[in-house]
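> sharing a model prediction with you, sequence too.
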Amino acid sequence: MVGHQYDLGREASVVPPVLVFNVTGRSPFVLACDHASNRFPDRFGDLGLTPHQRLMHIAWDPGALAVALRLSDLLDAPLVASTVSRLVVDCNRRPDAPDLCPAISERTDIPGNRGIGANERAERIGAYHTPFHDLLGEVIETRKAGGQAPILVTVHSFTPVYKDVPRPWPIGLIHPRDEGFTAALRDALIADGPELDVGWNQPYSALNGVTYTLEHHGDGRGIESTMIEIRHDEILETDGIIGWAERLARCLQAAHGSRGGAANFIERHGQFTGGFDG
Ligand SMILES: [Zn+2]
């Protein structure tokens, strides 16, 4: 609420809080992009940040939505994406997390989040956090009701250096309580590119309280899930985006197949149209 009038009616008519792409896709994978956007809805102004700060990783996951969209095409998978900055409300945090609307991110003060009260917090949850999770839940539950065994894949990107500490892995995988599918994906990535340095529970793990979406929709709904983190300097340009999306499409399908998923899917649907063709 930094110096701007609040007009939810106008805002709601312009941009919905969450978007779903390819909702009828036939893949068993359901993609989610919690930190897809650095949009600050009108009523928040700029939260006291410079244009440069609003472009940085503190506001969103650069490149993640581009990879997720391409992956959605290649796999023929639905994709649910938030349309607001994580600095407004972080969809990958529990609603009661202290850093849900962070007053500081890495080392940057977020003036517009300083001292916000319970009402403002509840309003942000209701306007953006709840719609994202409700829609993701609906996509997953619709598939379960249709006899599918969906696998949730969340797509993120991370900054190459955090608080002066370099992060060497081009990709990191973070698993929920059951690490099975994530381990299969790690094995598939290494088989696909033996030179690839795949971070395991890097650049952080579920123990850091940053995997709400996996916990809520993966563990919470009894389905397999995994969290993919790509170092964002890998996916800032088109070649990198396409290359990573194609690699992930190959490896997600290989991981699914290695766990018997492809066979089950063919049995249920007659043919495997999981999209990747090259
Ligand atoms: Zn993220």
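Yep, it's here.
> the longest helix in this structure is where?
Ranked by residue count under DSSP state H, the longest helix found in the chain is helix 238-258.
> same for it, what does it pack against?
The elements that helix 238-258 packs onto, with contact taken as 3 or more Cβ pairs under 8 Å, 6 or more residues apart in numbering; DSSP states H and E, are helix 64-75, helix 180-192, helix 261-269. (Each C-beta comes from the backbone N, C-alpha and C, glycine too.)
> got the residues of this protein near the ion?
For the chain, the contact set with the ion under Cβ under 5 Å from the ion comprises His35, Asp61, His156.
> list the buried residues in the longest helix of the chain.
Buried residues in helix 238-258, counted by 16 or more other Cβ atoms under 10 Å: 240-241, 244-245, 247-258.
> closest to Arg143 among those residues?
Within those, proximity to Arg143 (Cβ to Cβ) peaks at His256, which comes in at 14.2 Å.
> hmm, that closest one is touching Pro150, no?
No: no contact is recorded between His256 and Pro150 when judged using Cβ atoms under 8 Å, the distance being 11.1 Å.
> before we move on, which element is the nearest residue to Ile125 once chain neighbours are set aside in?
Closest residue to Ile125 in three dimensions, ignoring its sequence neighbours and counting by Cβ to Cβ, 6 or more residues apart in numbering: Pro95, at 5.4 Å. Secondary structure here is read from DSSP states H and E; on that basis Pro95 sits in neither a helix nor a strand.
> surely Pro95 touches His129?
Yes: distance between Pro95 and His129: 6.4 Å, which falls inside the contact criterion (Cβ under 8 Å).
> show me where the stretch 51-200 of the chain has its strands.
In the stretch 51-200 of the chain, the strands defined using DSSP state E, counting those that start in this stretch lie at 79-82, 104-105, 108-109, 151-158, 161-162, 165-166, 171-174, 198-200.
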